[in-house]
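Visitor: Mind looking at a prediction? Sequence and model below.
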Amino acid sequence: MTVEGPLATPEIGNCYGEAELARLPAAHPAVTADRIGVLLVNLGTPDAPTSRAVRRYLAEFLSDRRVVELPSLIWQPILRGIVLAVRPRKSAKAYREIWTSEGSPLAAITRRQAKALQASLGGDAVVAHAMRYGSSPIADGIDALLAAGCRRILVAPLYPQYCAATTASVSDAVQAHMARLRWQPALRILPPYHDDDRHLEALASSLGRAIGGLDFVPDTIVASFHGMPERTLHLGDPYHCMCLKTARRLGEVLGKTVVPSFQSRFGKAKWLTPATDMMLEALGREGRSVAVIAPGFAADCLETLEEIAIRGREQFLAAGGRHFAYIPCLNDSDVGMDMLTALVRSDLSGWL
């Protein structure tokens, strides 16, 4: 794991004044100035669009008890015996549809976001990035910031809406690594920003600019969020409510109706509705012109670029739809990075 900011150099730290530093024995480890670190975290991605790489990634991802809330004795035989025997090949094919010269779009965009955030923050903080699953694990990101002299760290899960399967899982991984550290840094975690005015205005600006460049005027704007089993709502997860609020508030900023839906259903359980695929098919049958935005994703990934922009488009047009446009995520766009920088600076208040 590398950090975007310069590495720490031996300087006077908070524990020592110049006189104390001068009296340190020659073999004493270098004393560094305390610094502030920011760790951007997203979900993760396979290392390659191959069945083997996808199987390794899915085995970790789907073994997280935050993601699949079934007893291990029940779920692991299903995962190992059925899911990992079938799904990796299908998912690898989907990844090949979107793979770039930089590798996985999610990994490439997250790297660019970290680099852009470092440029915006300058010397105020050191920025690193990590993934919850797969390569670039959270533990490595924390260790890299500690090695750079960071004694105060803001962990920023790039999930606008809180969900136990995403935000809480990041917190779990952070705390698990913290439990192994003898000298723990001060820690903050960026809260959800689903209804933050800066986020909504960035989404509206991005959407307006994209629609302005289309050769048609959409009569329907769909906000597609990642789906979750419906039982999570009844168990108290605020994700569903936050998604609906994002769509409603975004519509208010735009002065247009934004229709929420939920994608990526998996398994036989009842999931949050309405389902994006079913909605797109219904809108297609009505001959609509549609623009789809994914305001639950900070960076484009398999679920947006393949599931919506490719398969969703095909399904919509095959059903009779007139025009379809997928609007990219904020990614590392200027408006997106201005928003992210503002959020991070707000949560570094008192440290900067």
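Guide: Looks like it came in fine. Just so you know, these numbers come straight off a predicted model, no measurement behind them.
Visitor: So Ser91 sits against Arg56, correct?
Guide: No: Ser91 is beyond contact range of Arg56, at 11.8 Å (criterion: C-beta atoms under 8 Å). Just so you know, the C-beta spots here come from the backbone N, C-alpha and C atoms, and that holds for glycine as well.
Visitor: which intervals of this structure have sub-threshold pLDDT?
Guide: Within the chain, the stretches with pLDDT under 70 are 1-2, 5-18, 21, 31-32.
Visitor: Quick check: which helices or strands does the biggest strand by length in it pack against?
Guide: When the chain is parsed with DSSP state E, its longest strand is strand 35-45. Packing partners of strand 35-45 (3 or more C-beta pairs under 8 Å, 6 or more residues apart in numbering; DSSP states H and E): helix 51-61, helix 105-121, strand 126-134, helix 138-147, strand 150-157.
Visitor: Columns mean neighbour count and distance to Ile189 on top of those, output as CSV?
Guide: Formatted as CSV, the helices and strands packed on strand 35-45 follow (neighbours: other C-beta atoms under 10 Å; distance: least, C-beta to C-beta, whole Å):
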stretch, mean neighbour count, distance to Ile189
helix 51-61, 18, 21
helix 105-121, 21, 16
strand 126-134, 25, 13
helix 138-147, 21, 12
strand 150-157, 24, 5
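Visitor: what's the closest of those to Asp332?
Guide: Taking C-beta to C-beta, helix 105-121 is the member of those nearest to Asp332, at 4.1 Å.
Visitor: so where do the strands sit in this protein?
Guide: 35-45, 126-134, 150-157, 186-189, 220-226, 258-263, 289-293, 323-327.
Visitor: Compare the ones you listed and give me the one nearest Pro105.
Guide: Pro105 sits nearest to strand 35-45 of all those, at 8.2 Å, using C-beta to C-beta.
Visitor: quick one, that closest one and helix 105-121 angle?
Guide: Our comparison of strand 35-45 with helix 105-121, counting by axes from the mean of the first three to the mean of the last three C-alpha atoms, to 10 degrees, yields an angle of 160 degrees.
Visitor: Distance from strand 35-45 to the middle of the chain?
Guide: 10 Å (C-alpha atoms, centre = their mean, to the nearest Å).
Visitor: Strand partners (parallel or antiparallel) of that strand?
Guide: When pairing is defined by DSSP bridges, strand 35-45 lines up against strand 126-134 (parallel), strand 150-157 (parallel).
Visitor: if we can go back for a sec, could you dump the helices and strands packed on strand 35-45 to a markdown table with distance to Leu214?
Guide: Output for the helices and strands packed on strand 35-45, formatted as a markdown table (distance: least, C-beta to C-beta, whole Å):
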| stretch | distance to Leu214 |
| --- | --- |
| helix 51-61 | 34 |
| helix 105-121 | 22 |
| strand 126-134 | 32 |
| helix 138-147 | 38 |
| strand 150-157 | 32 |
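Visitor: per-domain residue ranges of the protein.
Guide: Taking automatic domain parsing as the reference, the chain has its domains at 18-44+102-192, 50-98, 197-327.
Visitor: Looking at those, spot the one closest to Ser349.
Guide: domain 18-44+102-192 (9.9 Å).
Visitor: Centre of the chain to the closest one, how far?
Guide: Distance, centroid of domain 18-44+102-192 to centroid of chain: 15 Å (C-alpha atoms, centre = their mean).
Visitor: And the helices in the stretch 201-350 of the chain, which stretches?
Guide: Remark: helices assigned in the stretch 201-350 of the chain by DSSP state H, counting those that start in this stretch are 230-234, 239-254, 276-285, 302-305, 313-318, 334-347.
Visitor: so which of those helices comes closest to Val222?
Guide: Closest among the helices of the stretch 201-350 of the chain, using C-beta to C-beta: helix 276-285, at 6.5 Å.
Visitor: What count of nearby residues applies to Gly213?
Guide: 8 (other C-beta atoms under 10 Å).
Visitor: hmm, I was thinking of His28
Guide: Around His28 there are 10 residues (other C-beta under 10 Å).
Visitor: tell me the contacts of it?
Guide: By C-beta atoms under 8 Å, 6 or more residues apart in numbering, His28 lies in contact with nothing.
Visitor: what's around the residue lying closest to Met339 once chain neighbours are set aside, how many residues?
Guide: Counting by C-beta to C-beta, 6 or more residues apart in numbering, Met339 lies nearest to Ala202, which is 3.9 Å off, once chain neighbours are set aside. Using other C-beta under 10 Å, Ala202 has 23 other residues around it.
Visitor: Let the chain start at 291 from now.
Guide: New numbering, starting at 291: the last item is Ala492.
Visitor: residue contacts, Ala492?
Guide: Counted by C-beta under 8 Å, 6+ apart, Ala492 has contacts 620, 625-626, 628-629.
Visitor: ok, now Glu491?
Guide: By C-beta under 8 Å, 6+ apart, Glu491 lies in contact with 543, 629.
Visitor: Then Leu411?
Guide: Leu411 neighbours (C-beta under 8 Å, 6+ apart): 328, 417, 631, 634-635.
Visitor: so can I have CSV of these showing distance to Leu477?
Guide: As requested, these are exported to CSV (distance: C-beta to C-beta, whole Å):
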residue, distance to Leu477
Val328, 12
Val417, 16
Thr631, 20
Val634, 15
Arg635, 18
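Visitor: Surely Val512 and Leu570 touch.
Guide: Yes: applying C-beta under 8 Å, one finds Val512 in contact with Leu570, separated by 7.3 Å.
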